[in-house]
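Enquirer: Build the 3D model from these lines:
(one chain, ligands or ions: 1)
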Amino acid sequence: MRGLQNKVAIVTGGGGRIGSATATRLAEEGARVVVADLIAEAGERTAKAIGANAIAIPFDGNDPDSVANLIHATVEHWGRLDILHNNAALTDLKFLDRDQDVVSTPMEVWDQTMIGNARSYFLTAKHAVPEMLKVGGGAIINTASGAALVAENARISYGSSKGAVVTLTKYIATHHGRQGIRCNAISPGLIVNDALAAEISEFLAVSNRQLITPRPGKPDDIAALVAFLASEDAEFINGQNICCDGGILAHSPAMADVLDMAESEWGK
Ligand SMILES: NC(=O)c1ccc[n+]([C@@H]2O[C@H](COP(=O)([O-])OP(=O)(O)OC[C@H]3O[C@@H](n4cnc5c(N)ncnc54)[C@H](O)[C@@H]3O)[C@@H](O)[C@H]2O)c1
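Expert: Numbers count the residues shown, from 1 in each chain. Here you go, the predicted structure:
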């Protein structure tokens, strides 16, 4: 992809499934990467696997001072900032299990989710944009979710926080686009590595029925889209939310059932 050579990128949540794939892909494309994660060892693991073009900086996206330090330390180390992949989020299944419907979800779950998933992206962008403007512009890629676009059976706080991410993306693009900042969002569908696939195998089987791409999503699918959106090849794409979900939101909600019916009724 064009224009990623020697660019400096921060990947938040870079110790996790999607973040580690993105950090690795951006480095493969020639960027210098900061792997930023709440869990220091996870970030260091990713940075070590990438090698000389990556460093790990532990940070907490919920803490304004920690975010300011992340941006400052990045510029101090690599000399500039061009790309921010806002990818960290509260993904602990034990926490998400308390996020149900509007009546039963505790307020603290709503508040923590909004802080962790939406306010944290506002904060990182707040500190990153001024640094990007110093080098003539940059690219911010925010990770939203399919759960921002359609309601699921639970997780009202998570879905709402990701909806805020989609809107935040448009505002940043609108306010700073003419200054050279592009800000786009990605809405992944279900993305699994082997470990997560084993953990949620029953749910995965249900979800796979709805895919029109015949395999589950993987972290490299998102990493490839992040690299594209960060690159000069995506120069004319700004303020968008792009689904990377195997087509799960492209069709009628009844698609899987209708296909099953067609097979049993008409496919004999
Ligand atoms: N995996 C999916 O199916 C899927 C689907 C849609 C959207 N997403 C989104 O993609 C992103 C990455 O998901 P993933 O599956 O790789 O999750 P993951 O749990 O593997 O990674 C998330 C990372 O974020 C870090 N993190 C959490 N809170 C943080 C904080 N306050 N400060 C700094 N780092 C913090 C965690 O330590 C972890 O390493 C998230 O924004 C998630 O909401 C994932």
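Enquirer: how about the residues of the chain near the ligand?
Expert: Within the chain, the positions near the ligand by C-beta under 6 Å from any ligand atom are 12-13, 15-19, 37-39, 42, 59-62, 87-91, 116, 120, 143, 145, 188, 190-191. In this view, the C-beta of every residue, glycine as well, is placed from N, C-alpha and C.
Enquirer: which of those residues are buried?
Expert: 12-13, 15-19, 37-38, 42, 59-62, 87-90, 116, 120, 143, 145, 188, 190-191 (16 or more other C-beta atoms under 10 Å).
Enquirer: Which single residue of this structure ends up nearest the ligand?
Expert: Relative to the ligand, the nearest point of the chain is Gly16 (2.1 Å; C-beta to the nearest ligand atom).
Enquirer: Quick check: pLDDT value at that residue.
Expert: Gly16 is assigned a predicted lDDT (pLDDT) of 98.
Enquirer: what's near enough to touch it?
Expert: By C-beta atoms under 8 Å, 6 or more residues apart in numbering, the contact list for Gly16 reads 37, 42, 87-88, 91.
Enquirer: and those, which of them are in helices?
Expert: The helices, defined by DSSP state H, take in Ala42 from the contacts of Gly16.
Enquirer: Out of the contacts of Gly16, which one has the weakest pLDDT?
Expert: Thr91 (93).
Enquirer: Let me see the ranges of the helices in the chain.
Expert: Using DSSP H, helices in the chain cover 17-28, 40-50, 64-78, 93-96, 107-114, 120-134, 156-176, 194-199, 201-209, 219-230, 255-261.
Enquirer: from those, which stretch is densest packed?
Expert: Ranked by mean neighbour count, these are led by helix 17-28 with a mean of 25 (mean count of other C-beta atoms under 10 Å).
Enquirer: Extract the C-alpha set from that helix and format it as CSV.
Expert: Output in CSV follows, covering the C-alpha atoms of helix 17-28 (Å, rounded to 0.1, in the frame of the first residue of the first chain):
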residue,chain,number,x,y,z
ARG,A,17,-6.5,-10.1,18.9
ILE,A,18,-7.2,-7.4,16.3
GLY,A,19,-4.7,-4.9,17.7
SER,A,20,-1.7,-7.2,17.4
ALA,A,21,-2.7,-8.1,13.8
THR,A,22,-3.0,-4.4,12.9
ALA,A,23,0.3,-3.5,14.6
THR,A,24,2.0,-6.3,12.7
ARG,A,25,0.5,-5.4,9.4
LEU,A,26,1.3,-1.7,9.6
ALA,A,27,4.9,-2.6,10.5
GLU,A,28,5.0,-5.0,7.5
